[in-house]
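> Give me coordinates for this.
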Amino acid sequence: MPYFLIILGVIARLFPHPWNFTPIGALGLFAGANVRPRISWLVPLTALLIADLIIGFYEPMIMLFVYLGFLAGPLLGHLLLSEKRSVARIGGAVFASSTIFFVLSNFGVWAAGYYPLTLAGLVECYVLAIPFYGVLLVGDAFYAGILFGGQEMVTAAIRRRGGQRLSF
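Sure, this is the predicted structure:
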């Protein structure tokens, strides 16, 4: 299962897509909810690393904070979604994960010197990144809907046939 999620993340990241509209955040949430905690964090980081090896690396300070930001998904997926799931819980986890990613990744952009290293520069960095946050949030919600919704559909089909809940 983790391998499938990693491959899905790499492929989706390599295909043309709107800026920040990738499944990496949702994959992290899904992995956190379904994969052992010891390895769930590897799903988004490995997908990012493999894709970055192919498309190229970028500013190391920004990369550090982007990778750190994507660690929120597996942690929140495990804490909020591994035992109990609902549309509201998944939505809350998506919102929290996307927000943490937004805060950390843009802090990295600011810390890398793309804006003045002042409070005003930090505020400017966050304000100018708001449109990207919207796309990130929509993308994470879209992919989380596909992943968790797809899992629920398969689980329901298995239950109708007398099987158990689908888990990984």
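> Please name the residues that touch the residue nearest the centre of the chain.
Centroid-nearest residue in the chain: Gly25, 0.7 Å away (criterion: CA atoms, centre = their mean). The contact partners of Gly25, taken as CB atoms under 8 Å, 6 or more residues apart in numbering, are 44, 70, 72-73, 94, 97-98, 101, 136, 139-140, 143-144. Every C-beta, even on glycine, is put in place using the N, C-alpha and C of the backbone.
> which sections of this structure are below the confidence cut-off?
163-168 (pLDDT under 70).
> which stretches of it form helices?
With helices called from DSSP state H, the chain shows them at 2-14, 24-34, 37-40, 42-55, 60-70, 72-76, 87-109, 119-128, 130-160.
> For the third one, buried residues please.
Right, helix 37-40. Ser40 (16 or more other CB atoms under 10 Å).
> What sits closest to the residue nearest to the centre of the chain if chain neighbours are left out?
Distances taken as CB to CB, 6 or more residues apart in numbering put Asp140 closest to Gly25, at 4.2 Å, once the chain neighbours are dropped.
> burial of the one you found, as a residue count?
27 (other CB atoms under 10 Å).
> ditto for Thr118
Thr118 has 10 nearby residues by other CB under 10 Å.
> Over to Tyr67?
17.
> swap in Ile90?
Around Ile90 there are 23 other residues, counting by other CB under 10 Å.
> still on that earlier bit, could you dump the contacts of Gly25 into CSV and include distance to Ile11?
As requested, these are exported to CSV (distance: CB to CB, whole Å):
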residue, distance to Ile11
Pro44, 14
Phe70, 17
Ala72, 22
Gly73, 18
Val94, 21
Ser97, 21
Ser98, 21
Phe101, 20
Leu136, 19
Gly139, 15
Asp140, 17
Tyr143, 13
Ala144, 18
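> Which of those residues has the largest number of neighbours?
Gly73 leads the contacts of Gly25 on contacts (other CB under 10 Å) with 32 neighbours.
> one step back: just the closest of the contacts of Gly25 to Gly121, please.
Distance ranking of the contacts of Gly25 against Gly121, using CB to CB, places Phe101 first at 20.3 Å.
> tell me the contacts of the closest one?
Contacts of Phe101 (CB under 8 Å, 6+ apart): Gly25, Val66, Gly69, Phe70, Ala72, Gly73, Leu136.
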